[in-house]
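Student: Quick one: sequence and predicted model below, then my questions.
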Amino acid sequence: MIIEEVLVWIGMIVVGVGAFADLVAAIGFNRFRNFYLRLHAATIGAIWGAFLPLIGASLLATGCYCLGEYRWFMAGGSLVTALLILILAPAGSHALARATHRAGIVPVEPCIVDHLDEKQCVPGGGSG
Amino acid sequence: MKRLVGLVVIILFILAFSLLLVVAGGSIVPGREVRGLARVYLNTSYNPWSPYFTVNSPESVTSVVWDYRGLDTVFETMVFYLAIIGSIALARGYRKYIPAKLDYSKLGLSVIVKTVTRITAPLIIIVAASIALHGHLTPGGGFQGGATGAVAPLLILIIFSQYYLIRRGVRKESMLIVRSLGLTGIGITAIAVFLAGLVAGVHAYVLQNQAKATAPVSAPAYIDNQLISGTLWFFNIFEFFAVLAGFTIVLLLLTIPERAYQGGGGE
């Protein structure tokens, strides 16, 4: 069957993209210089590095006839987990960023505009 | 100096751990003679061909927890209950503190997080109930289900604030009632087969599940052709409610605002 081959290949590519995104997120998480930037890297790991590979795993399981009937359980489980991560990860990072900004303990840097609190905005930056 | 101390500590830790592994390697690794025990458990957990030894539950862990060593688990539940009683005793003497003018929409975290919680909190409860209700079929059980379900009130406490829960009737007193009902259910389930044996006039044991050669009464293993494994299912349901309510009490007590204690405490 051509369709299962295509599903398996798309799934593998998507999982590969997810692994690459996880690597990028890990590098960013270590190299970025303040909290907001590191949070951005962490969300890359959550969406591109967890949501996308789970979709890929779901496609892989659907295309893999060797798993028998159980492939539907694996595909469905992966899909539901992916959707939950898609809902939960942005909410978590949003709560973290909002709490940090309201507490005002991290300067917003590099900043172009900050409508919530102009005083926290540190313009410029770029190298650090 | 600081780095040196850290290095020495790490090296000492590695050496001590290696020593521990070497010493423990000879004694703690279970010997071959233990495997017979595992074989007995796996053979008898679900075995319709030997009706006097089986638990009628394909999940060996739940069988061990609620049947082979059921008395242990009942006492564990008692210990957990006492821990809850202890925390209630610690938190005694606080006034109910609910501000007169309370704008519920201004409490808690932002609208985004609240919306996500509105979606996920019911899902958490559903997953928890399924873990508890399938505890005799798949890994899980009453305690695991209850602990999972307690995540939902924890999320609501933090994201919507405590008053949101209290206004909806999830307060210490009502949760204590649920907890006590759950524990009473566990006690009744423990002696149910024994009472049935008394009524029928045959020999029976406390915490008995399926019929034994000398005690021919058993809790129903099937209801409407669905496997419920006798007492295991009831134990899991009651334990689920007991643990869920117990954790909710502790979380509620942990998030009491400090103002509720002001004004001297006492009754």
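Tutor: Structure received.
Student: CA atoms for contacts and neighbours, from now on please.
Tutor: Noted.
Student: Identify the residue spatially nearest to the residue most central in space within chain A, adjacent ones excluded.
Tutor: Taking Cα atoms, centre = their mean, the centroid of chain A lies closest to A:I47, which sits 2.1 Å from it. Leaving aside its sequence neighbours, A:I47 sits nearest to A:L86 (Cα to Cα, 6 or more residues apart in numbering or on different chains; 6.6 Å).
Student: Can you give me the neighbour number for that neighbour?
Tutor: Counted with other Cα atoms under 10 Å in any protein chain shown, the neighbours of A:L86 add up to 17.
Student: tell me which element it is part of?
Tutor: Assessed by DSSP states H and E, A:L86 sits inside helix A:70-103.
Student: name the helices or strands packed onto that helix?
Tutor: Where contact means 3 or more Cα pairs under 8 Å, 6 or more residues apart in numbering or on different chains; DSSP states H and E, helix A:70-103 is packed against helix A:35-46, helix A:52-63, helix B:111-133.
Student: If you count neighbours, what's buried in that helix?
Tutor: Residues A:71-72, A:74-76, A:78-79, A:82, A:85-91, A:93-95, A:97, A:101 are the ones in helix A:70-103 that count as buried (16 or more other Cα atoms under 10 Å in any protein chain shown).
Student: rewinding a little: among the helices and strands packed on helix A:70-103, which is the most enclosed?
Tutor: Sort these by mean neighbour count, taking mean count of other Cα atoms under 10 Å in any protein chain shown, and helix A:52-63 sits at the top with a mean of 25.
Student: Identify the residues contacting stretch B:48-57?
Tutor: B:44-47, B:63, B:67, B:136-137, B:209-213, B:221, B:227-230 (Cα atoms under 8 Å, 6 or more residues apart in numbering or on different chains).
Student: List the contacts of the closest residue to chain B within chain A.
Tutor: In chain A, no residue comes nearer to chain B than A:A91, which is 5.3 Å away by Cα to the nearest Cα. Neighbour list for A:A91: B:112-113, B:116 [criterion: Cα under 8 Å, 6+ apart].
Student: ok, now A:G104?
Tutor: Applying Cα under 8 Å, 6+ apart to A:G104 gives the contacts A:Q120.
Student: let's go with 7 Å and repeat that
Tutor: With contact set as Cα atoms under 7 Å, 6 or more residues apart in numbering or on different chains, A:G104 has no partners.
Student: how far away is it from B:L253?
Tutor: As judged by Cα to Cα, to the nearest Å, A:G104 and B:L253 stand 29 Å apart.
Student: before we move on, what about B:I191?
Tutor: 33 Å.
Student: Then B:S57?
Tutor: Distance from B:S57 to B:L253, by Cα to Cα: 38 Å.
Student: what's the answer for A:V8, then?
Tutor: From A:V8 to B:L253 the distance is 51 Å (Cα to Cα).
Student: For chain B, what lies in contact range of chain A?
Tutor: Residues of chain B lying near chain A by Cα under 7 Å from any Cα of the partner chain: B:112-113, B:116.
Student: any idea of the angle the helix or strand harbouring A:D22 forms with helix A:52-63?
Tutor: Using DSSP H and E, A:D22 maps to helix A:2-31. Angle between the axes of helix A:2-31 and helix A:52-63 is 160 degrees (criterion: axes from the mean of the first three to the mean of the last three Cα atoms, to 10 degrees).
Student: buried stuff in helix A:2-31?
Tutor: Neighbour counts over helix A:2-31 (16+ other Cα under 10 Å) mark A:4, A:7-12, A:14-19, A:21-22, A:24-26, A:28-29 as buried.
Student: can you give me the strands in the stretch 101-250 of chain B?
Tutor: With DSSP state E, counting those that start in this stretch as the criterion, the stretch 101-250 of chain B has strands at B:222-223, B:226-227.
Student: out of those strands, nearest to B:F13?
Tutor: Closest approach to B:F13 among the strands of the stretch 101-250 of chain B is made by strand B:226-227 (50.4 Å; Cα to Cα).
Student: Going by contacts, tell me the helices and strands next to that closest one.
Tutor: If you count contacts as 3 or more Cα pairs under 7 Å, 6 or more residues apart in numbering or on different chains; DSSP states H and E, strand B:226-227 packs onto no helix or strand.
Student: B:T214: neighbouring residues, count only.
Tutor: By other Cα under 10 Å, neighbour count at B:T214 equals 11.
Student: now A:L60: how far from A:F51?
Tutor: For A:L60, the distance to A:F51 - Cα to Cα - is 14 Å.
Student: now swap in B:L109 and tell me
Tutor: B:L109 is 25 Å from A:F51, by Cα to Cα.
Student: The two - which one has more neighbours?
Tutor: A:F51 (23 against 16).
Student: For that one, report the pLDDT, please.
Tutor: As predicted, A:F51 sits at a pLDDT of 95.
Student: ok, now how distant is it from B:R259?
Tutor: From A:F51 across to B:R259, the span is 43 Å (Cα to Cα).
Student: Next one, pLDDT for residue 64 please.
Tutor: In the absence of a named chain, this looks at chain A. Reported pLDDT for A:C64: 86.
Student: please go with chain B instead
Tutor: B:V64 is assigned a predicted lDDT (pLDDT) of 91.
Student: Likewise for the one 10 residues further on?
Tutor: The model reports B:V74 with a pLDDT of 91.
Student: Now name the helix or strand holding it.
Tutor: Per DSSP H and E: B:V74 is located in helix B:70-90.
Student: could I get that helix in PDB with only the CA atoms?
Tutor: The C-alpha trace of helix B:70-90 is given here as PDB (Å, rounded to 0.1, in the frame of the first residue of the first chain):
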ATOM      1  CA  GLY B  70      -5.900  -6.500  52.200                       C
ATOM      2  CA  LEU B  71      -5.500  -5.900  55.900                       C
ATOM      3  CA  ASP B  72      -2.200  -4.000  55.400                       C
ATOM      4  CA  THR B  73      -4.000  -1.700  52.900                       C
ATOM      5  CA  VAL B  74      -6.900  -1.100  55.200                       C
ATOM      6  CA  PHE B  75      -4.400   0.000  57.900                       C
ATOM      7  CA  GLU B  76      -2.600   2.200  55.400                       C
ATOM      8  CA  THR B  77      -5.800   3.900  54.600                       C
ATOM      9  CA  MET B  78      -6.300   4.400  58.400                       C
ATOM     10  CA  VAL B  79      -2.800   6.000  58.600                       C
ATOM     11  CA  PHE B  80      -3.700   8.400  55.700                       C
ATOM     12  CA  TYR B  81      -6.900   9.200  57.500                       C
ATOM     13  CA  LEU B  82      -5.100   9.900  60.700                       C
ATOM     14  CA  ALA B  83      -2.700  12.200  58.800                       C
ATOM     15  CA  ILE B  84      -5.700  14.200  57.500                       C
ATOM     16  CA  ILE B  85      -7.100  14.400  61.000                       C
ATOM     17  CA  GLY B  86      -3.700  15.600  62.200                       C
ATOM     18  CA  SER B  87      -3.600  18.400  59.600                       C
ATOM     19  CA  ILE B  88      -7.200  19.400  60.500                       C
ATOM     20  CA  ALA B  89      -6.200  19.600  64.100                       C
ATOM     21  CA  LEU B  90      -3.100  21.700  63.200                       C
END
